[in-house]
Structure formats: C-alpha cells, structure tokens
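Engineer: Here's my sequence, what's the structure:
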Amino acid sequence: MWVPNMPVTIVSAIAAGAGAICIFKDLYGGTPYDRAARAHNKTIVITGANDGIGNAAAWDFARRGAKVFMACRDMEKCEASRKEIVLETGNKYVYCRPCDLASLDSVRQFVERFKTEEPRIDALVTNAAVMEPPVTVTRDGFEAHLGINHLGHFLLTNLLLDTLKASAPSRVIVVTCSGHKSGKLNKDNLNLTGEYSGSAAYAQSKLANLLFASELAKRTLGTGVAVVAVDPGLTDTNLSRHLPMSKSWSRYIIYPLFYPIMKTPKIGAQVIVHAALDPKLQKCVGDYYVQMMRAEPSEEAQNFELAHWLWKVSEKWTRLDQHRAELAKAA
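Structural biologist: Got it, this is the predicted structure:
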C-alpha cells in the first residue's frame, strides 16, 4: 500500500540513522587532548608521518606550534602531506626527511643528517608500522614486521638517545596496539623463517614494542627521558591494506559493521599528542596508555627478563655499535 510522502520518510530515516551513527562514532572515539596545550619551541620527530595516525599527529603538533620532522620512506607522499600541514596550520617549520625503517643504513643516514640540522629533540614518536604484508624481508634480511615495527625503531631511538638525553626533559613515545596481547616472542626463530604467519608476526612485533619501551625506560632511568607506550585503538587508516579482507568483496560487509566504532586518524592520534605534551607523563617509565589512561599490558609484556633478552638480540642484529662508530666518524 502506498503511503504519501514515503520517499521523503525513507530519506529522512536514513539521514537520521546516519546522523546517529556519526554522533555515536564521535562519542565512542573519545575526547581530544587539551586543545589549549601548546608545543612552541618543541622539536618532534615522528616516523610514518605521511599517512594515517602519524600524519594526523604531525598535523596536530604543527597546529600547536612545534617544529616537526616527518621521517618517512616515500618522499613524494611525505612532501604532499607536509605541504597540506603547512597550509592548514600556518606553521612553516615542518620538514620531510627520508628514513626507511626497512634499511638500517637509511636509519643511520637520517640520524646523521638530523644531528647536523637540529641540536635537540623534545619527543621522538616511533609510529610507523606494517601489518600482515605478503611474506617479505627487509634489506638487512629481517622479517618485515620485526625489521620495520621493531628493529628499525630500536636503532633509530638508540642513535638519537644522546640527543634526547641532552634535550631532557624529553620523551620517547612508542606506538603499539592491543594486538600485543596475543603476541609471543619466538626466541628460537625470531625471524619466523619457514614459520611465517602474518597475524603472529604482527602480534610479535607489537609485543616487541612494549618490551622495548620497558627496557628503554630501565636504561634511561634518571636521565630525564620519559618513555611512554601508547595504543591508539581501532582507527580507520590504511594500515590494514594488506589484510585479505581488504582485497575481497567481504570488505563491503565488514567495513560498515566496524565503521561506527573506528576512530578517525585525528582522534586516534590524540594518545600520541597526550603522551608527548601532558606534563604529568614526564616521569613515565615505559607506562602503557590506552584512551589517554594508564592501562595494564599483557603479562608477557611485563616480562623484564624477556625485555632484556630482546634488547641484547636487537643490539646484535642492528649492529648498533657499528652504526654508532660510523656516526661518530661522520661527526
């Protein structure tokens, strides 16, 4: 039976439903970090800053007045993002610098250049990550998740540690996620040679992030360098592009189901901004924050012996002493 104005009623109902979803999404995503907090005279380095949460965090830091170094692999994308940030924020002190975390030499070259340009770092944000790409290795022969998500950042942080200490009070923000809770370190085959599973490799790398934060905090105790691990939560970014779901018809069903509870990149980035700028977090020693609130990581992530073991292996695999010597020679 035809009802007068039925098309109008249907359209109105759809619009009302869409509006309700948007309101719920905003409320569920959480509130932004204090918009009045400023970052003038602060220098911030952030990896993976040309897209997603990293890009949103770079934009927010620039809006607050910071000098921002975007450490990225793809310079074309980085430069396009940098121009947008400068135009939108009016902050001209935003820079692109090549840093491919899949290459230890590239990481060292980034640090070498940075130290000739900038005398201080107030916050280093180790944000870049890959998630379940096809099985591949980095230029140095590491499984991609381990090499990019952990080892590249391990070397970057250690090569910048002297600058961070000299800049104290300063901070290292390690971006991880709840996936660490299913992570296990395969001590007998850390590179997962012949045993590759995308989900297991990703979870192992996210656990490694938290173990790294824990051991780094222990080693920088009393230096004025705070270490904070953060979980942005489920955020709508391009990180999941390699997942099978993203390449099949099922994404048209699954994505709409998760859309209402996915944060926008700008909201997801607030945990990073909070960790870098909130004065209360300057004494953090590897603390784990979710939704800008301190949380308990997995029991495995609190295994101090495992954290020490991973640190020693990472020192060896990244040839940390060799890269330090080459940096000193170039200075």
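
Engineer: pLDDT below threshold where in the chain?
Structural biologist: Within the chain, the ranges that satisfy pLDDT under 70 run 1-29, 235-262.

Engineer: which residue ranges form the strands in it?
Structural biologist: With strands called from DSSP state E, the chain shows them at 43-47, 67-72, 94-98, 123-126, 170-175, 225-231, 285-290, 293-295.

Engineer: List the buried residues of the second one.
Structural biologist: Taking 16 or more other C-beta atoms under 10 Å as the basis for neighbour counts, the residues of strand 67-72 that come out buried are 67-72. Yep, even glycine has a C-beta here, placed from its N, CA and C like the rest.

Engineer: Restricting to C-alpha, output it in CSV.
Structural biologist: Taking Å, rounded to 0.1, in the frame of the first residue of the first chain, the C-alpha atoms of strand 67-72 are listed here in CSV:
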residue,chain,number,x,y,z
LYS,A,67,58.9,22.1,14.8
VAL,A,68,58.1,18.7,13.2
PHE,A,69,60.4,16.3,11.4
MET,A,70,58.4,13.8,9.3
ALA,A,71,60.6,10.7,9.0
CYS,A,72,59.2,8.8,6.0
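
Engineer: tell me the contacts of the closest residue to V130 other than its chain neighbours?
Structural biologist: The shortest distance from V130 to any non-neighbouring residue, by C-beta to C-beta, 6 or more residues apart in numbering, is to I148 (5.2 Å). With contacts taken as C-beta atoms under 8 Å, 6 or more residues apart in numbering, I148 has the following neighbours: 101-102, 128-130, 138, 205.

Engineer: cool, G30 as well?
Structural biologist: 233, 263, 267, 270, 291-292.

Engineer: Reformat the contacts of I148 as JSON lines; add neighbour count.
Structural biologist: Formatted as JSON lines, these follow (neighbours: other C-beta atoms under 10 Å):
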{"residue": "L101", "neighbour count": "29"}
{"residue": "A102", "neighbour count": "20"}
{"residue": "A128", "neighbour count": "27"}
{"residue": "A129", "neighbour count": "25"}
{"residue": "V130", "neighbour count": "21"}
{"residue": "T138", "neighbour count": "19"}
{"residue": "S205", "neighbour count": "28"}
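
Engineer: Now that H180 has come up, it's in contact with N209, right?
Structural biologist: Yes - applying C-beta atoms under 8 Å, one finds H180 in contact with N209, separated by 6.9 Å.

Engineer: quick one, which of those two is more surrounded?
Structural biologist: Legend: neighbour count by other C-beta atoms under 10 Å for H180 and N209, higher for N209 (27 against 24).

Engineer: separation between the closest residue to H40 other than its chain neighbours and K83?
Structural biologist: Nearest residue to H40 in three dimensions, chain neighbours excluded: G65, at 4.0 Å (C-beta to C-beta, 6+ apart). Taking C-beta to C-beta, to the nearest Å as the measure, G65 falls 18 Å from K83.

Engineer: Who has more neighbours out of these two?
Structural biologist: Using other C-beta under 10 Å as the criterion, G65 and K83 rank with G65 on top: 16 against 12.

Engineer: got a list of what the more buried one touches?
Structural biologist: Counting by C-beta under 8 Å, 6+ apart, G65 touches 38-42, 91.

Engineer: Any chance of a ChimeraX selection covering the buried ones in the residues you listed?
Structural biologist: Per 16+ other C-beta under 10 Å, the buried members of the contacts of G65 correspond to this ChimeraX selection:
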select :39,42,91
